[in-house]
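Participant: sequence unavailable; structure follows:
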């Protein structure tokens, strides 16, 4: 039984709270949020205790789930390390790669157990794709294609503090690319435009909503990533891995498996409305994985280094968006 | 908040227990089983109280979930009616249509609230198919095709007390046919063979494992049902409704959405292993529906009459298996 | 090089004419039709000679394609046998099973080479399904499901002389069932209604447009066939073969492989408009097969006996439509 | 009736010969090849006349199909223009963009009717995708994804004279991108590796077999193209167009529509073996289109300018392969 604290009781914090409460190997002990009201509500729903400070939350628990705002991740992570508590941390570690590196170095020096929550690795279809790649089902990986397209541009206020599309959205797929290929990309080219929301091109945001990245792996294998913030048809995510002997695809999800044959058209069910509807089950699976690692003592993965590396790729990609050059990645 | 008792803590009872415990509108109060040990185990897992008798279980609750062995359904149902407790009852009401009719008449005379657990109606894909039919998406229903094929013949000891394939397996699809078409079939033809397990043909069992039924509806519309007890490729269920203007299909489920392109073949994920893996989510949805009906006071559906009618079709179908004649159905 | 005559220059005759002209192993010599004008038109298009009588057509050729009206099949077949000419004959041999038997006996006594044009056997997908069944891909065949649903009820004048749905439409699937299972059904149950065109129920037509058949094979395996004359969504044909170890399906065809993801729906291409659009390629393949048999001297298949047996099943099925009893089939 | 000459009787010339012979609006008059033997064989098969020179071939015909070796395209095109004969020309116009521009200018100055054979535009699925885009089915085009992956690296001797992957394979998709988006890309980034055949990296070939291109359109829309020369699973081509309101996809083709459900896997039919099996029908459709344009006098499309522009993109892409920079395209 792992005793857990939760930091952050916003939208995603509430999701984690429900998963903490439902997991039979977890005791959901305490929750802290800058809004005492939000913390109280989540605590009441799930039988946990709302506490008044991070320090209090970190007392008497085995592990902490950091789901607070991005700018607090690094401090909370440091506090958890000091408290000797294992950490499941939402990405990114910190928007500044520099600061992220510092806190990771600190956590490493203390031998802390920290998992970065790259939840997509736990999607059962993506995991099955990975299993097939690892079982040599497609031979040597030569070309990976990752697609993620969302239904709506986030609020501009969110975009402003998000670090931009590469650091906020594409970073998930930089991680998936590394994970699937089992190698660190050496360079990245990125191109993007503000098509769904032209205001994103203004200096205030300096961002894009439709982008393409090309990564080159050490052995010459290539990765394509396309990301988009407004689809008109729901949330669209798929992965293809082309290898020397075959191809494996984790397909788009349709919400239902119902087909309606009509005059002039065959109508299938629509896709899920958004990334959350599509990806929700992965959070419970990621938590389950983390608990399993804690109980067995196995190495933590996705690790802080995984988190840093995905961020390093995002840095280079953000640079490439401006230079139009395939940029070397400095890990 | 509905206070629930559970009768029966076997395999399916345990499934119901978990759903009772997880439903925020339910308080799971008590559980009874002929095996006190089984009841205690289920109670411990979910924080309910194991009790020593049906009467005790029915005390101080709003509703009871009857998941005890088939031969106890009628008595437990009667006891619940006498206790003034609402009932969610596993099918069949009783293997004897005669006795089933008696207890239904009794429940009706007391104005009892009883839902028969035809869980497949709550499968989201089947429900979407039904929604499309009701929204006139295919015009007038003319031909319904229902397929259910399972991976393995049940143990012969189970078969012996099951009432045979029509009463045990096909009865679910007799209900779905009535529900989808919104009409009561007038006659049924059935043909069957013992192909997966030839011993089923022996007088001791007098049963089949591979069968086809043809139902005729009052307006001449037709229903095909095929049932099989051993597929070799997992659990296979699908429904097609052909109407005067279109067709709607609730498709086979594949467990994953991963495609593997190889030399000579394109390999998709397999189907779910068995009916339980495919249908498990329907139990929570059926319970949710029942709680909703209790809270809103809406008419209970699927009703006891629905249960009786599906059984009446099974009776006629069982007769037809022997006569080779399309048999009239007496409701 | 096989020299061919063609009898019949109507719609299907014109299709055969084009295939005869295009086949590099065929010399399309002559064409006869009761309408000299029609014969002349077809002859002109394809560089053949229009002739004034069946006898003339049968002179100086190796083979004849009989595509004249159904009531002339038997006489034309007899004439071809007398002329020592190989025959590719449209089904049915004759609407009267009695007369069909007579002419088959005559052809057999003369050692004639006659292929009955069950063109669906040559559909590449159906043929692949058959190949998989024969290669033991599904184990012992236990349940076959055949679906054929057309877009429109034929003109009533056609229906009147067609022999009814069983003899006209379902007969193709009686043949496919025998071919796939490799066995002769022993009994057949049929149920049907006039739903698309209620006038079909009048004594003048005594026919149905929506029907279901259940065949029983000698080893207890079952066959379901559903046929419908008006779909609202194009031509719908599919076959499933369930065996002791697996299932193989020859799927519905969509005319295009284009998917359109929109708000609220995923739209696939429609099915082919009618049976002809779906099945047209099979005619050239059937001809190719016949030419191959002539050139290699291999046994002719589908044979006249295949034609007779499918008709015998249609006779019993037509009887069952009226009796509601599973009827024994007399071959 | 259009009288046609054919220049080139190699593999693709033979395909064109068969289509010329089969088209009812075409009279296939003459064929020339540097190998008199090859020309004679093609002529004999299709009832045309083998001639001894290009000049002879261009005499007495309305149109010429240029399917000779790439290095002869420009001269043959010039000769046809001088002879006042319409031209259907295999791509590329000339491997040298400079020489291609010269001959196009010459043809334009003479008002010649020339169609460049970008056959993929005539694939019925790609054409349906284009129809949906043009009918505003996806809103404004924002992201186009084109995939083409072939089963085997061509012979090295072919690669050496092919101009490299961009000019030989990707050029088809540069054309499709322009056609679908209805706009000329302004810059292109390309990355590639020699993974299937490492010798391609040697200076002698200086080529790649696995590549990714990113095109930027004037309005900021993006195009991804991935090309590969050895798949292990057949020929794989697909197109996706993401617009402001939806997505349309022209899907991978599987050779058959047969599904085989087995223990542990669902097996679908494989893809077509190679590009030719997949794309063969497009040649007859392209010819049909050309004949239609000649008969109606409609503007010729795909035009010589289309041919030049696709080549101009290929030039810039080839440059980008070496520079790692997104290169401006000079049309």
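Facilitator: Everything's here; your move. Please read these numbers as outputs of a predicted model, since none were measured by experiment. Residues are numbered from 1 along each chain as shown, chains lettered A, B, ... in the order given.
Participant: residue of the stretch 1-150 of chain A nearest chain C, please.
Facilitator: residue A:149 (10.0 Å; Cβ to the nearest Cβ). Heads up, the C-betas are built off the backbone N, CA and C, glycines and all.
Participant: any idea how far that residue lies from chain B?
Facilitator: 17 Å (Cβ to the nearest Cβ, to the nearest Å).
Participant: same deal with residue A:115?
Facilitator: For residue A:115, the distance to chain B - Cβ to the nearest Cβ - is 24 Å.
Participant: and for residue A:128, the neighbour number?
Facilitator: The tally of other residues near residue A:128 (other Cβ atoms under 10 Å in any protein chain shown) stands at 18.
Participant: the helix or strand encompassing it and chain B, are they touching?
Facilitator: Using DSSP states H and E, residue A:128 sits within helix A:124-134. Yes: Helix A:124-134 lies within reach of chain B by Cβ under 8 Å from any Cβ of the partner chain, at A:124, A:125, A:128, A:129, A:132.
Participant: give me every residue that touches the third one.
Facilitator: Meaning residue A:128. A:250, B:256, B:258, B:269 (Cβ atoms under 8 Å, 6 or more residues apart in numbering or on different chains).
Participant: how is chain A divided into domains?
Facilitator: Following automatic domain parsing, chain A resolves into domains at A:2-112, A:120-328.
Participant: how long is the first one end to end?
Facilitator: This means domain A:2-112. Chord length of domain A:2-112, first to last residue, is 16 Å (Cα to Cα, to the nearest Å).
Participant: what's the answer for stretch A:45-54, then?
Facilitator: Stretch A:45-54: ends 20 Å apart by Cα to Cα.
Participant: quick one: is that stretch near chain B?
Facilitator: No: Stretch A:45-54 is not in contact with chain B by Cβ under 8 Å from any Cβ; minimum separation 8.7 Å.
Participant: quick check: residues of the stretch 51-200 of chain A near chain D?
Facilitator: A:138-140, A:142-143, A:145, A:147, A:149, A:187, A:189, A:191-196.
Participant: out of the domains of chain A, nearest to residue B:296?
Facilitator: domain A:2-112 (23.3 Å; Cβ to Cβ).
Participant: what about the closest one, distance to the chain center?
Facilitator: 16 Å (Cα atoms, centre = their mean, to the nearest Å).
Participant: again with stretch A:260-273
Facilitator: 31 Å.
Participant: one more: stretch A:230-248?
Facilitator: With Cα atoms, centre = their mean, you get 17 Å for stretch A:230-248.
Participant: I'd like to know how far the residue of the stretch 1-150 of chain A closest to chain C sits from residue B:202.
Facilitator: 59 Å (Cβ to Cβ, to the nearest Å).
Participant: gap between residue A:177 and chain C?
Facilitator: Applying Cβ to the nearest Cβ to residue A:177 and chain C gives a distance of 24 Å.
Participant: neighbours around that residue, how many?
Facilitator: So residue A:177, with other Cβ under 10 Å, has 29 neighbours.
Participant: that one: what's it in contact with?
Facilitator: Per Cβ under 8 Å, 6+ apart, neighbours of residue A:177: A:144, A:146, A:185, A:215, A:223, A:225.
Participant: rerun that using 10 Å as the cut-off
Facilitator: Each residue near residue A:177 by Cβ atoms under 10 Å, 6 or more residues apart in numbering or on different chains is listed here: A:141, A:144-146, A:170, A:183-185, A:188, A:213, A:215, A:217, A:221, A:223-225, A:239, A:241, A:310, A:313.
Participant: and these, which of them are buried?
Facilitator: A:141, A:144-146, A:170, A:183, A:185, A:188, A:213, A:215, A:217, A:221, A:223-225, A:239, A:241, A:310, A:313 (16 or more other Cβ atoms under 10 Å in any protein chain shown).
Participant: for the spatially closest residue to residue A:211 that is not a sequence neighbour, phi and psi?
Facilitator: Once flanking residues are discounted, residue A:211 sits nearest to residue A:192: 3.3 Å by Cβ to Cβ, 6 or more residues apart in numbering or on different chains. With angles defined as degrees, to the nearest 10, residue A:192 sits at phi -160, psi 160.
Participant: list the contacts for residue A:192?
Facilitator: Neighbours of residue A:192 in contact, by Cβ under 10 Å, 6+ apart: A:164-166, A:170, A:200-201, A:207-213, A:226-228, A:317-318, A:320-322, D:216, D:220, D:222.
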